[in-house]
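> Got a sequence here, can you model it:
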Amino acid sequence: MQTETSTSCASSRRRRLRLVLGALCVLTAFPQSSGATNALEPKQPESKTTKVRITHTHRAVQACQYEPSKPEPHCVAKFAPKDPRTKIQLLPVRPASLEARDDVRKPVDIALGSGGESSQAVADVAKGRWEVAWWPHSGQDRFDAAPPATVEVALETISGACELGTTACKLVRSAVTRRMRIAHE
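Predicted coordinates:
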């Protein structure tokens, strides 16, 4: 009888052991949810593009006032807002290496519309060096796109100019000045 009791005790211990092992397997197979997050997991997916914010302001010289101040006289221009419509193109600058053939970036055309004193647009560009083409602006204005940074391109057009004379200022309506400023955030 002793043998029977030992066998039934052993078999009930084996059943309990199987239940405990089964419960452990189930608990370890499904991750537990809690309020804590893993510090190694990124909170947001990493951005693969850089935002380029473009603004354009267009003003026209309406009048020129002569200021006979010392040490030199100068002109003070009076401005009025003008339609800020313009077009630019962001051109990829290819690296000067064999890796240039792997660069699949394409030019990005941007049309800034009217809307008061200035117009704005936003474009997403891939990582790399870019050039801002704004005709007839001369010069090579470039920036490096490095995600997730933001690049600010500020364009300004001034139509007209004041020309200083000996005792007066003259308004030159045909003059056009264009400026560009690029800043990285």
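> contacts, neighbours, all on C-alpha from now
Noted.
> which secondary structure element contains the residue nearest to the spatial centre of the chain?
Nearest to the mean C-alpha position of the chain, by CA atoms, centre = their mean, lies Lys51 at 1.8 Å. Using DSSP states H and E, Lys51 falls within strand 49-67.
> in the chain, what spans have low per-residue confidence?
1-13, 17, 19-47, 136-140 (pLDDT under 70).
> next one: phi and psi at the residue lying closest to Arg59 once chain neighbours are set aside?
Counting by CA to CA, 6 or more residues apart in numbering, Pro81 is the residue found nearest to Arg59 once chain neighbours are left out, at 4.5 Å. For Pro81, the backbone dihedrals (degrees, to the nearest 10) come out as phi -70, psi 150.
> same deal with Thr157?
phi -120, psi 130.
> got it, and the one 4 residues further on?
When read as degrees, to the nearest 10, the backbone of Ala161 gives phi -160, psi 160.
> any idea what sits nearest Gln65, other than its immediate chain neighbours?
Nearest to Gln65 is Val76, by CA to CA, 6+ apart, at 5.1 Å.
> brain fart, His74
Counting by CA to CA, 6+ apart, His74 lies nearest to Glu67, which is 5.3 Å off, once chain neighbours are set aside.
> No further questions, thank you.
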